[in-house]
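Trainee: Sequence and predicted structure below; questions after.
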Amino acid sequence: MKIRIFFLVLLGTIHCLASSAQDSTNTEKKVKIIPLPAVFYTPETRLGFGALLSGVFNMGDKLNTRNSNAQVLAAYTLNKQVILQTRHNLFTDNERFVFNGELSYYDFPILYYGIGNNTKKEFEEDLDYKVVIFRERVLKKVRKNLFAGLQYRYTYLYDLIYEPEFLLEDKQRLESETGTNSGLGYSVVYDSRNNVLNASEGVFAEFSTFYHGSALGGDYNFSRYIVDLRKYWSINEQNVIATQFFAELNSSETPFREMSLLGGETIMRGYYNGRYRDNQQMALQAAYRKQIFGRVGLVAFGALGDVSPRLSAFDISDFKYTVGGGLRFMVNKSDRLNIRIDYGIGKNTSGFYFAFAEAF
């Protein structure tokens, strides 16, 4: 029943996006719909392919309203994963309100290494599950570039399959932590970026919370706090420096899939997403982006980060590192929309990424 509901809502979301595009066209507001064959590669998926429909449009006066974007993705990967995903980031006229959210379904076999920041690569296990994710954030402008509001997230994890060869003691915990998570919280965001998908100047600062519990229809009670700080410097039109500090702090009752995951295509590139997982994560990263000529650019990046069971247990001397570089191809010059190819190298690990839009 929940899967049927998901597909109905997914179809409704696509219909709403199409309707919005038509309405914008009728009122002479510029809408750019970019249909693309979706081809991507990450260590978590290997090669993935499908279809991506991306829309960039403006819902107000372009002098006072940044471009909104929405995308619909349907993909299948060589790791036998199914991804159905819709995402949006919408700015209403004069940015009075900001809507940011996702509605997705994943049939997602992964590699599992246990919990903690010192797990062993040779104890790699196969873990398979399906998950439905819905999240929505509604922010109201308090003053220029400053927004505050509420957010909600829902996940339903089911059909977990885990037949361990090494981490036998984790089996009971993983199988008992399926089910529903439902969380409500608030968010305060300062956002002066000149472009949401590929900023070249400005600041992004977020503090947000989620409180998950049975009162909201969930099976587990835990809290989450997120701090995300980013700064962009434009040296000139061809050279940009970007930095980010990210922290995700969960309480001790957090189920395994909701834990902080080190690695992936946006933070600590080079590490498999979930290679290390625990209640809490901190990471600091920086990137130098240079436009070489026309639509082609280069990027160099580096990061430090780790996971921990609690805040007091972080030890900066044990933080993992990653360094890497990448190639950029700008598919839309006016909106600075990039396709990126990155290669990251960490401690005894590396990863190749072919993805859409900048990592941060």
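Mentor: The structure has been received and is ready for your questions. Worth saying up front: this structure is predicted, and the values here are computed from it rather than measured. Numbering: from 1, shown residues only.
Trainee: nearest spatial neighbour of the residue positioned nearest the centre of the chain, skipping sequence neighbours?
Mentor: The centroid of the chain falls nearest to T266 when counting by CA atoms, centre = their mean (7.1 Å). Counting by CB to CB, 6 or more residues apart in numbering, the nearest residue to T266 once its immediate chain neighbours are dropped is A359, at 4.6 Å. Yep, even glycine has a C-beta here, placed from its N, CA and C like the rest.
Trainee: hang on, the one you found in a strand?
Mentor: No: when the secondary structure is assigned by DSSP: H, G, I helix; E, B strand; the rest coil, A359 falls in coil instead of a strand.
Trainee: With R87 as the reference, measure out to it.
Mentor: Remark: distance between A359 and R87 (CB to CB, to the nearest Å) = 15 Å.
Trainee: hmm, which helix or strand of this protein has the shakiest average pLDDT?
Mentor: Across the helices and strands of the chain, the lowest-confidence element by mean pLDDT, DSSP states H and E is helix 2-26, at a mean of 39.
Trainee: can you pull out the strands in the stretch 1-150 of the chain?
Mentor: Counting by DSSP state E, counting those that start in this stretch, the stretch 1-150 of the chain has these strands, from start to end: 31-42, 46-57, 68-77, 82-91, 97-107, 110-112, 125-143, 146-162.
Trainee: Y353 is nearest to which of these?
Mentor: Of all the strands of the stretch 1-150 of the chain, strand 31-42 sits nearest to Y353, with 5.3 Å by CB to CB.
Trainee: which parts of the closest one are buried?
Mentor: Of the residues in strand 31-42, those buried under the neighbour-count criterion (16 or more other CB atoms under 10 Å) are K32, I34, A38, F40, Y41, T42.
Trainee: pLDDT check: weakest of the residues you listed?
Mentor: Comparing pLDDT over the buried residues of strand 31-42, the lowest score belongs to I34 (74).
Trainee: Please look at that one and A51 and confirm they touch.
Mentor: No: I34 lies out of contact with A51 (CB atoms under 8 Å); the separation is 11.6 Å.
Trainee: Around I292, count how many other residues there are.
Mentor: Neighbours of I292 under the rule other CB atoms under 10 Å: 11.
Trainee: With the one 4 residues further on instead?
Mentor: Using other CB under 10 Å, the number of residues around V296 comes to 12.
Trainee: what sits against the residue lying closest to it once chain neighbours are set aside?
Mentor: Ranked by CB to CB, 6+ apart and with sequence neighbours excluded, the top spatial neighbour of V296 is F329, at 6.2 Å. Contact partners of F329, counting by CB atoms under 8 Å, 6 or more residues apart in numbering, are R295, V296, G297, N338, I339.
Trainee: what helix or strand does F329 sit in?
Mentor: Here F329 is covered by strand 320-332, with elements defined by DSSP states H and E.
Trainee: Direction included, what does that strand pair against?
Mentor: Within its sheet, strand 320-332 is paired with strand 296-308 (antiparallel), strand 337-346 (antiparallel), according to DSSP bridges.
Trainee: Of those, which is nearest E122?
Mentor: Each of the strands paired with strand 320-332 has some distance to E122 by CB to CB; the shortest is strand 337-346, at 16.9 Å.
Trainee: tell me the angle of the closest one relative to strand 31-42?
Mentor: For strand 337-346 against strand 31-42, the angle by axes from the mean of the first three to the mean of the last three CA atoms, to 10 degrees is 20 degrees.
Trainee: How about residues contacting strand 337-346?
Mentor: Where contact means CB under 8 Å, 6+ apart, the residues beyond strand 337-346 that reach it are 34, 54, 56, 197-198, 265, 268-271, 297, 299, 301, 320-331, 350-359.
Trainee: For this structure, give me the ranges with low pLDDT.
Mentor: Residue ranges of the chain with pLDDT under 70: 1-29.
Trainee: run the last query once more with 50
Mentor: Applying pLDDT under 50 to the chain picks out residues 1-28.
Trainee: hmm, back to that, turn the strands paired with strand 320-332 into CSV, including distance to E206.
Mentor: Compiled in CSV, these are given as follows (distance: least, CB to CB, whole Å):
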stretch, distance to E206
strand 296-308, 17
strand 337-346, 22
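Trainee: what about the helices in the stretch 151-300 of the chain?
Mentor: Assigned by DSSP state H, counting those that start in this stretch, the stretch 151-300 of the chain shows helices spanning 171-176.
Trainee: Quick one: the strands in it, in order.
Mentor: Under the criterion DSSP E, counting those that start in this stretch, strands of the stretch 151-300 of the chain are mapped to 179-191, 202-212, 222-236, 239-250, 260-262, 276-278, 280-293, 296-308.
Trainee: now these as a markdown table including distance to Q151?
Mentor: What follows is the strands of the stretch 151-300 of the chain, written out as a markdown table (distance: least, CB to CB, whole Å):
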| stretch | distance to Q151 |
| --- | --- |
| strand 179-191 | 5 |
| strand 202-212 | 6 |
| strand 222-236 | 10 |
| strand 239-250 | 14 |
| strand 260-262 | 18 |
| strand 276-278 | 23 |
| strand 280-293 | 19 |
| strand 296-308 | 23 |
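Trainee: Among these, which comes closest to Y112?
Mentor: strand 276-278 (8.7 Å).
Trainee: in that closest one, what's buried?
Mentor: In terms of neighbour count (16+ other CB under 10 Å), strand 276-278 has its buried residues at Y276, R277, D278.
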